[in-house]
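[1] below are the sequence and a predicted model; questions follow.
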Amino acid sequence: MRKIFRTLLLLGCYTLLSSGLFCLPAYASEKLIVYITPGLDLPFWRTLGRGVQSVAEANAYQYQVMDSTNSDDNQMAHVRSAIAKGAAGIVLSPTDSKSAWMVLAVASQAKVPVVIADIGTNGGDYVSYVKSDNYKGAYGVGVAVAAAIKERGWINPQFALCTISLARKNGQDRTNGFRDAMKEAGLTNMVTIKQMQSYSTEETYGFVTEILTEYPKLRALFIEVDQPTLGALAALKDKHRSADVVVGSFDGIPEFVDLLKNGSLVAVGMQQPYLIGSKAAEALLSVFKGQTPSKQILIPILDATNKNINELLPIANKTVFGAESK
């Protein structure tokens, strides 16, 4: 009888959802935690999801991940679906900071708690925001890139950025952190910024090819996310510029270990997505227990260079590369 009632209730929810409305959770006691991610094509989000999953399953909660494929519409559909499924709570990595508040409004009205993981929001009601210190991490990359430029004797050379969306708070922080470090080092000749949309290696390969054609005297690049960095390095190789353009990056994938060691990358600000995900899930669990977690939980960045990568590897293998190791 209970199953029949639940089926009828869910059918009613889906009817309301199709008309643009939503309903309260069917059975929050079903113990389901949903992670809504911008795009599972990037290793970072897969690793973050595994962090959420590890804590959820260790505490006897079911886990489900929903991929928004960088679409605001998909993101909204996913939060409504999670509510209809009776999710006890949601971990949300927004597609961007502007659209997040609308998702939060829907979840809030349905009384489903939400923890924001990594990207941030311009407003709305949420339990906690688990984030890396993106500004400090990118600042550290800028310091290393500036030092590499000065070691080569280049005087205020041209440099460029391939950024994540600047509608995201973390994109703003990374861009500002890197630029501030370069400016403090007397390096002010930034020639262009390219904002990613598909976050693919092909996209960044095209960006860097265009930049090198337009600015043949370019000497430095900052690529603000991991997988697309491989596209940038491929473009430099194909244009025979690998030896005379220094590259800094952000986030982390296993390929970066050798790229740091051989000098293809001078520095990487490695976020710890597994740790972000696990701390986000722990914040949700504390709410289920009637506790109030910190409104903001800050996760440190691992500033990786060729000098310290071996020392950082034991930590990075779990907290940076975690999802890729299984």
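    Nice, I can see it. Numbers count the residues shown, from 1 in each chain.
[2] just the helices from the stretch 51-200 of the chain, written as ranges.
    With helices called from DSSP state H, counting those that start in this stretch, the stretch 51-200 of the chain shows them at 72-84, 100-109, 134-151, 169-184.
[3] could you export these as TSV, including mean neighbour count and distance to residue 293?
    Where you see a C-beta, it was placed from the backbone N, CA and C, and this is true even at glycine. Formatted as TSV, the helices of the stretch 51-200 of the chain follow (neighbours: other C-beta atoms under 10 Å; distance: least, C-beta to C-beta, whole Å):
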stretch	mean neighbour count	distance to residue 293
helix 72-84	20	20
helix 100-109	19	16
helix 134-151	22	21
helix 169-184	21	20
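[4] any idea of the mean pLDDT in stretch 58-67?
    Mean pLDDT, stretch 58-67: 97.
[5] chain center to it, what's the gap?
    Relative to its parent chain, stretch 58-67 has a centroid offset of 19 Å by C-alpha atoms, centre = their mean, to the nearest Å.
[6] can you check the distance spanned by it, start to finish?
    Taking C-alpha to C-alpha, to the nearest Å, stretch 58-67 runs 23 Å from one end to the other.
[7] okay, the helices of the stretch 51-200 of the chain in JSON lines with distance to residue 249 next?
    Formatted as JSON lines, the helices of the stretch 51-200 of the chain follow (distance: least, C-beta to C-beta, whole Å):
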{"stretch": "helix 72-84", "distance to residue 249": "26"}
{"stretch": "helix 100-109", "distance to residue 249": "25"}
{"stretch": "helix 134-151", "distance to residue 249": "7"}
{"stretch": "helix 169-184", "distance to residue 249": "11"}
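[8] what stretches of this structure score poorly on pLDDT?
    The model of the chain has pLDDT under 70 over residues 1-30, 323-326.
[9] could you redo the last one with a cut-off of 80?
    Counting by pLDDT under 80, the ranges of the chain that qualify are 1-30, 120, 322-326.
[10] could you list the domains of it?
    2-132+273-299, 134-270 (automatic domain parsing).
[11] tell me which of these sits nearest to residue 317.
    Closest to residue 317 of these, according to C-beta to C-beta: domain 134-270, at 8.4 Å.
[12] where do the strands sit along the stretch 201-326 of the chain?
    When assigned using DSSP state E, counting those that start in this stretch, the strands of the stretch 201-326 of the chain occupy the ranges 218-223, 246-250, 267-270, 296-299, 302-304.
[13] so what's the gap between the shortest one and the chain middle?
    Mean-position distance between strand 302-304 and its chain equals 16 Å (C-alpha atoms, centre = their mean).
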